[in-house]
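**Q** could you look at this predicted model? Sequence included:
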Amino acid sequence: MESTKYVIIFILILTGAVAISLTGLREATKSQAATNEDIFNKRAILTAVENYLPGGKKVSELSDQEVLALFDEMKQPVVNMEGEPIEGVKAEDINMAKERKKPEPERRLPVYIYEHDGEKFYILSVRGNGLWDEIWGNIALKSDLNTVAGAAFDHKGETPGLGAEIKDNPAFAKQFQGKKIYDDGEYVSIKVRKGGAKDDTYEVDGISGATVTADGVEEMLYRGIKYYQPYLKDLKQQSLLVQ
Amino acid sequence: MAETAVKEKESVFQFGKKERKLLTDPLNDNNPITVQVLGICSALAVTSLVYPSLVMAIAVVFVCAFSSLFTSLLRNYIPKSVRMIVQLVIIASLVTVVELTLKYLNYPVYKQLSVYIGLIITNCIVMGRLEAFSMANKPWRSFLDGVGNGLGYGVILVAVGVVREIFGKGSLFAGSPIELKIIGPTANYLINTTDSVMFGWYANNNLMVLPASAMFIIGIMIWIQRSYNTKLVDVS
C-alpha cells in the first residue's frame, strides 16, 4: 500500500496536468466552436423561410459565409412585451431559453426581418414544452402579418419517430405554409388537430402517437405569437399610415 | 549488451500473432457488444442513422485506445487504492478532447450525439479494458487491445446503423456530405415509391427509428454469430 502522501501528490499532479492541457485545447478551439454554434442556430432560423432563400437554394445548400451574410443584411429588432423596441441589442443575441425563465413581463422578444425580392418576412421565435423536454421553433409571417410563410421546429428530447417528427419530418412543418393566424382581425393562432385538420386555414394535421408533443406545438404557437401581438399591432398601424 | 538493447527496442512495437489476436479477437470471438453485452446503452441510442454511429465509433476507438495507452504507461505508478479514480480521470479527459474536437469540426453531429459523447465515460467497454488489460500489460499491447475493442464496438454500431437507417428512413449516411437516398416517396430517391410498380407498397418502418429496434437487431446478430461460431455457444 502506498503512503497517503504519495497518493495525494500523484492525484494532484495528474489532475493538474489534465486541467492545464484541457484548458489549453478549449481556449484554442473556443472561437471556432462559438462560430459553429452561431451558424447552426442561424441555419435553424433560416429554415422558416426556406422557400424564399436567394437563388432558390435550400438551407443546407447555403455556405456558412452566405448564412452569416444574410443575417448581417437583416434588420433584427428586439421588442419588449408591450411591443416597444429595445435599443442596443440584436435579435441574434437573444437566448430564448434564458428569456423563458424570466417572468413574463420582463421577457425580450427577437424579430428577424428578412427581405427577399422586395417582400418582407417577419420571423418570430417561440418556445414551449413538449412531452419530455423543451421544444422551440421559428415561424415566418408574410408582410400582411397574417399568412405564415414557413415554420421550423426543434426539440431537446422528444421520442424519435413520434414527437421528434416535428423536426425530422419536413412534411409536418411544411403544413404551416399558407396558414393564417387571424380570423377576421381576431387572433386565433394555428391548431394542431389530432386525426387530421378540419379547417384549411387555421389547422394542421397532428402526428399519430405524439399527441402531447403536438398539443405542445399548438400551445407554444398560441402563447408565443400572442406575446408578439402588441408589436404586430404597431407594425400594422405603421403600414396603414404609410399607405 | 548492445545486441540485447537493440532487440528490446525492436520488440516495443512488434506486431506478431499475439498482437494480431489482440486486434481481431474483439471483432468476433470476444466482441464487446455481441459476446460480452457491454456498451448497449449507446448502441441502442445513437444507431438510428449511420453517420452519427460512425462518428461515435471513431470516438470510442480513440478513447479506448488512448486511455489504454496512458493507463498502461502509468500502471506502475498508479496507487492501487485510487486506481479507478485515476482511470476515470484519464477517460473523462479524453472524452472532453473528443467533445471539444467535434464542436470544432462538426457542430451539427455534436448536437445530434449530444449527451452520448459524454456518456462514453460510463461505457463499460472502456473501463473494463483498463481494469482487465491495461493495468497489467505493456503500453503497445494495451493500445492495440484498446483499438481492437473500440473497433469491435464500432463495427456492430455501424452495422446496426445501416439496417436501421435503410429501413427506417430509406437513406444512408444522411447528414453527411455523401448522403444516399435509396427508397422514398419523392423523385430525389433512387427508388421512388410513388411511381414504382414493384415498390409502390413500401413504407418506412417506424419501429426502426426507435431504440427498441436496435435491441432486436443486436439480438439477431448475436443469433447469427453463434450459429456459425459454435465456440461461443458453450461459453455460458
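**A** That came through fine.
**Q** going by C-alpha atoms from here, please, whenever you check contacts or count neighbours.
**A** OK.
**Q** near chain A at all, stretch B:73-90?
**A** Yes: counting by CA under 8 Å from any CA of the partner chain, chain A is contacted by stretch B:73-90 at B:78-82, B:86, B:89.
**Q** show me these that map onto helices.
**A** B:86, B:89 (DSSP state H).
**Q** now render the residues of stretch B:73-90 next to chain A as CSV, adding neighbour count, pLDDT and distance to A:Leu68.
**A** Below are the residues of stretch B:73-90 next to chain A laid out as CSV (neighbours: other CA atoms under 10 Å in any protein chain shown; pLDDT from 0 to 100; distance: CA to CA, whole Å):
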residue, neighbour count, pLDDT, distance to A:Leu68
B:Ile78, 22, 91, 50
B:Pro79, 20, 90, 52
B:Lys80, 13, 88, 53
B:Ser81, 12, 88, 53
B:Val82, 13, 89, 49
B:Val86, 20, 92, 44
B:Val89, 18, 93, 39
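**Q** ok, so of the residues of stretch B:73-90 next to chain A, who is nearest chain A?
**A** B:Pro79 (6.0 Å; CA to the nearest CA).
**Q** touching, the closest one and A:Val7? I think so.
**A** Yes: using CA atoms under 8 Å, B:Pro79 is in contact with A:Val7, at 6.0 Å.
**Q** which phi and psi does the closest residue to A:Ala140 other than its chain neighbours have?
**A** Counting by CA to CA, 6 or more residues apart in numbering or on different chains, A:Ala140 lies nearest to A:Ile123, which is 4.1 Å off, once chain neighbours are set aside. Per-residue torsions, A:Ile123: phi -100, psi 120 (degrees, to the nearest 10).
**Q** tell me the confidence at A:Ile123?
**A** With respect to pLDDT, A:Ile123 has a value of 91.
**Q** mind checking which of the residues of stretch B:73-90 next to chain A land in strands?
**A** With DSSP state E as the criterion, strands contain none of the residues of stretch B:73-90 next to chain A.
**Q** with distance to A:Lys142 added, can I get the residues of stretch B:73-90 next to chain A in CSV?
**A** Supplementary listing: the residues of stretch B:73-90 next to chain A in CSV, determined by distance: CA to CA, whole Å:
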residue, distance to A:Lys142
B:Ile78, 65
B:Pro79, 67
B:Lys80, 68
B:Ser81, 67
B:Val82, 63
B:Val86, 58
B:Val89, 54
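**Q** go through the residues of stretch B:73-90 next to chain A and say which is closest to A:Glu73.
**A** B:Val89 (46.6 Å; CA to CA).
**Q** how close does the closest one sit to A:Thr4?
**A** Between B:Val89 and A:Thr4 the computed distance is 19 Å (CA to CA, to the nearest Å).
**Q** ok, now which ones touch the one residue in chain B that gets nearest to chain A?
**A** Nearest residue of chain B to chain A: B:Tyr104, at 4.8 Å (CA to the nearest CA). Applying CA atoms under 8 Å, 6 or more residues apart in numbering or on different chains, one finds that B:Tyr104 lies in contact with A:29-30, A:32-33, A:36.
**Q** again, but for B:Gln36
**A** Contacts of B:Gln36 (CA under 8 Å, 6+ apart): B:Asn30.
**Q** tell me the SS of it?
**A** Counting by DSSP: H, G, I helix; E, B strand; the rest coil, the backbone at B:Gln36 sits in coil.
**Q** how about the one 5 residues further on?
**A** Under the three-state scheme (three-state DSSP), B:Cys41 adopts helix.
**Q** how many neighbours does it have?
**A** B:Cys41: 16 surrounding residues under other CA atoms under 10 Å in any protein chain shown.
**Q** now B:Ala59. Nearest residue, chain neighbours left out?
**A** B:Val98 (6.5 Å).
**Q** so that neighbour lies in a helix, does it not?
**A** Yes: B:Val98: assigned to a helix according to three-state DSSP.
**Q** can you give me the pLDDT of it?
**A** Reported pLDDT at B:Val98 in the predicted model: 93.
**Q** contacting residues for it?
**A** Contact analysis of B:Val98 by CA under 8 Å, 6+ apart lists B:59, B:63, B:117.
**Q** quick one, phi psi at residue 159?
**A** Unless you meant another one, I'm taking chain A. phi -70, psi 130.
**Q** what sits against it?
**A** A:Thr159 neighbours (CA under 8 Å, 6+ apart): B:Leu210.
**Q** nearest to A:Gly118 among the residues of stretch B:73-90 next to chain A?
**A** B:Val89 (57.2 Å).
**Q** show me what contacts that closest one?
**A** By CA under 8 Å, 6+ apart, the residues touching B:Val89 are A:Thr15.
**Q** cool, B:Gly146 as well?
**A** With CA under 8 Å, 6+ apart, B:Gly146 has these contacts: B:61, B:64-69, B:126, B:129.
**Q** ditto for A:Ala33
**A** B:103-104, B:107.
**Q** tell me the mean pLDDT over the helix or strand hosting it?
**A** Per DSSP states H and E, A:Ala33 falls inside helix A:4-46. The average pLDDT within helix A:4-46 is 92.
**Q** check stretch A:109-118 too.
**A** pLDDT averaged over stretch A:109-118 gives 87.
**Q** same check, this time on stretch B:137-149
**A** What stretch B:137-149 shows for mean pLDDT is 92.
**Q** circling back: can I assume the residue of chain B closest to chain A sits in a helix?
**A** Yes: under three-state DSSP, B:Tyr104 falls within a helix.
**Q** for it, give its distance to A:Lys42.
**A** B:Tyr104 is 17 Å from A:Lys42, by CA to CA.
**Q** kindly report the same for B:Thr194.
**A** 34 Å.
**Q** quick one, which of those two is more surrounded?
**A** With neighbours defined as other CA under 10 Å, B:Thr194 and A:Lys42 compare such that A:Lys42 has more, 18 against 14.
**Q** how near is the more buried one to A:Asp93?
**A** 11 Å.
**Q** am I right that B:Ser42 is in contact with B:Tyr116?
**A** Yes: with contacts counted by CA under 8 Å, B:Ser42 reaches B:Tyr116, the gap being 6.5 Å.
**Q** which stretches of the chain form strands?
**A** Using chain A. Counting by DSSP E, the strands of chain A are A:78-79, A:85-86, A:109-116, A:119-129, A:134-141, A:148-155, A:182-183, A:186-187, A:191-193, A:203-205.
**Q** sorry, I should have been clearer: chain B.
**A** B:171-172, B:180-181, B:183-184, B:191-192.
**Q** could those be laid out in a markdown table, adding mean neighbour count?
**A** Shown next, in a markdown table, are the strands of chain B (neighbours: other CA atoms under 10 Å in any protein chain shown):
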| stretch | mean neighbour count |
| --- | --- |
| strand B:171-172 | 22 |
| strand B:180-181 | 18 |
| strand B:183-184 | 22 |
| strand B:191-192 | 19 |
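**Q** residues contacting the residue nearest to A:Glu84 when sequence neighbours are not counted?
**A** For A:Glu84, ignoring the flanking residues on the chain, the nearest one in space by CA to CA, 6+ apart is A:Tyr231 at 6.9 Å. A:Tyr231 makes contact with A:79, A:82-84, according to CA under 8 Å, 6+ apart.
**Q** any chance of a PyMOL selection covering the buried ones in these?
**A** Selecting only the buried entries of the contacts of A:Tyr231 in PyMOL, with 16 or more other CA atoms under 10 Å in any protein chain shown as the criterion:
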select buried, chain A and resi 79+83
